[in-house]
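Asker: Predicted model, plus sequence, below.
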Amino acid sequence: MGELHADNDNHVTSSDYLCCVMQMLDGFLMETCVDSVESAINAERGGAGRIELCCNLLEGGTTPSTGLLQVVKENVKIPVYVMIRPRGGDFLYSDLELEVMKRDIEQMKNHEADGLVFGALTEDGHVDSELSMELLAASRPLPVTFHRAFDMVHDPVVALETLVSLGFERILTSGCDSSALEGLPVIKRLVEQAKGRIVIMPGGGITERNLQRILEGSGVQEFHCSARSSRDSTMKYRNPNVSMGGSLSVPEYAIKVADGTKVRTLNAIAKNTL
């Protein structure tokens, strides 16, 4: 696990992976999910070894803009894996949505993404092998993570074997439960089943309060977190009567960003645990 991917197609140099290498030498790799340049910079400064870049975190993450990817790549050196998800909601995609995903993959590769993150299911809750093969073919030679669509599968044991056969690099999962802590028994069984053939990366509700328990109880060497805090907007004039989103939107004048202090704390916990 933790392979380094450097080739002429995505222009990644070995120096870009220094932090990733150092973390793997310590026995772990921390991936931080971000949706802004500020968060990406904070994650790297805090010691994250890889970034998952997306937007719309309130919906679990969707495909970010190529502009966001470009500016993030200009400001951080650690690997950036890009979410390919055309909308929120379920993971059952139409032919048109598949076409959108293929074109997004092409654009992200053109703008030097280091890896990709996606997942697709059939209507009966199995991994959509046919669609996945098309997306994997479009993604080559980049490594690909199957995201938390995995937590919606009918049978995780069967799904893991399917993903191994398809050639995914890792699975991001909360153990098919509301959080990685709740799903810890399943995560542990998945690690045992995987036997090193595919990386199992827990994610979902990981904090400084539960990380040690999750790492010790699962046997994983990678984990995924957002490590976010809310900071107040610098706007002086504020209109309290208008909201730009729906009822579940964040307050207009509070901005969620990756917290470098939280990232450093999680990094230290993982280093001391593993």
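Answerer: Nice, I can see it.

Asker: what ranges do the strands span in this structure?
Answerer: Using DSSP state E, the strands found in the chain span residues 29-34, 50-53, 80-83, 115-118, 144-146, 170-173, 199-202, 222-225, 228-232, 254-258.

Asker: Now mean pLDDT, distance to Leu215 and mean neighbour count too, for those, in JSON lines please.
Answerer: C-betas here are computed from N, CA, C, even on glycine. Shown next, in JSON lines, are the strands of the chain (pLDDT from 0 to 100; distance: least, CB to CB, whole Å; neighbours: other CB atoms under 10 Å):
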{"stretch": "strand 29-34", "mean pLDDT": "97", "distance to Leu215": "11", "mean neighbour count": "28"}
{"stretch": "strand 50-53", "mean pLDDT": "98", "distance to Leu215": "17", "mean neighbour count": "27"}
{"stretch": "strand 80-83", "mean pLDDT": "98", "distance to Leu215": "21", "mean neighbour count": "26"}
{"stretch": "strand 115-118", "mean pLDDT": "98", "distance to Leu215": "21", "mean neighbour count": "24"}
{"stretch": "strand 144-146", "mean pLDDT": "98", "distance to Leu215": "19", "mean neighbour count": "26"}
{"stretch": "strand 170-173", "mean pLDDT": "98", "distance to Leu215": "15", "mean neighbour count": "26"}
{"stretch": "strand 199-202", "mean pLDDT": "98", "distance to Leu215": "8", "mean neighbour count": "27"}
{"stretch": "strand 222-225", "mean pLDDT": "97", "distance to Leu215": "7", "mean neighbour count": "25"}
{"stretch": "strand 228-232", "mean pLDDT": "88", "distance to Leu215": "20", "mean neighbour count": "13"}
{"stretch": "strand 254-258", "mean pLDDT": "89", "distance to Leu215": "20", "mean neighbour count": "18"}
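
Asker: Redo those as CSV? Include distance to Pro156.
Answerer: Formatted as CSV, these follow (distance: least, CB to CB, whole Å):
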stretch, distance to Pro156
strand 29-34, 20
strand 50-53, 21
strand 80-83, 21
strand 115-118, 18
strand 144-146, 11
strand 170-173, 8
strand 199-202, 10
strand 222-225, 17
strand 228-232, 27
strand 254-258, 29
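
Asker: With respect to Ala270, which of those lies nearest?
Answerer: strand 29-34 (6.1 Å; CB to CB).

Asker: which residues are in contact with the closest one?
Answerer: 1-2, 20, 23, 39-40, 43, 46-54, 57, 61, 72, 81, 201, 203, 221-227, 258, 263, 266-267, 270 (CB atoms under 8 Å, 6 or more residues apart in numbering).

Asker: Just checking the distance from that strand to the centre of its chain.
Answerer: Distance of strand 29-34 from the chain centroid (CA atoms, centre = their mean, to the nearest Å) equals 7 Å.

Asker: ok so, going back, right, so of the strands of the chain, which gets closest to Thr66?
Answerer: Closest among these, using CB to CB: strand 80-83, at 9.3 Å.

Asker: List the neighbouring strands of the closest one plus their orientation.
Answerer: strand 50-53 (parallel), strand 115-118 (parallel) (DSSP bridges).

Asker: mind exporting the first one as PDB, just the C-alpha atoms?
Answerer: Taking Å, rounded to 0.1, in the frame of the first residue of the first chain, the C-alpha atoms of strand 50-53 are listed here in PDB:
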ATOM      1  CA  ARG A  50      -2.600  13.100   0.700                       C
ATOM      2  CA  ILE A  51      -5.600  15.300  -0.200                       C
ATOM      3  CA  GLU A  52      -9.000  14.200  -1.500                       C
ATOM      4  CA  LEU A  53     -10.300  17.300  -3.400                       C
END
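
Asker: Per-residue pLDDT of Asp26, please?
Answerer: Predicted confidence (pLDDT) for Asp26: 63.

Asker: Would you format the strands paired with strand 80-83 as a markdown table with distance to Pro143 included?
Answerer: Putting these into a markdown table (distance: least, CB to CB, whole Å) gives the following:
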| stretch | distance to Pro143 |
| --- | --- |
| strand 50-53 | 10 |
| strand 115-118 | 5 |
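
Asker: Ala113 contacts Pro143, doesn't it?
Answerer: No. Shown here, Ala113 and Pro143 do not form a contact pair, counting by CB atoms under 8 Å, at 10.3 Å.
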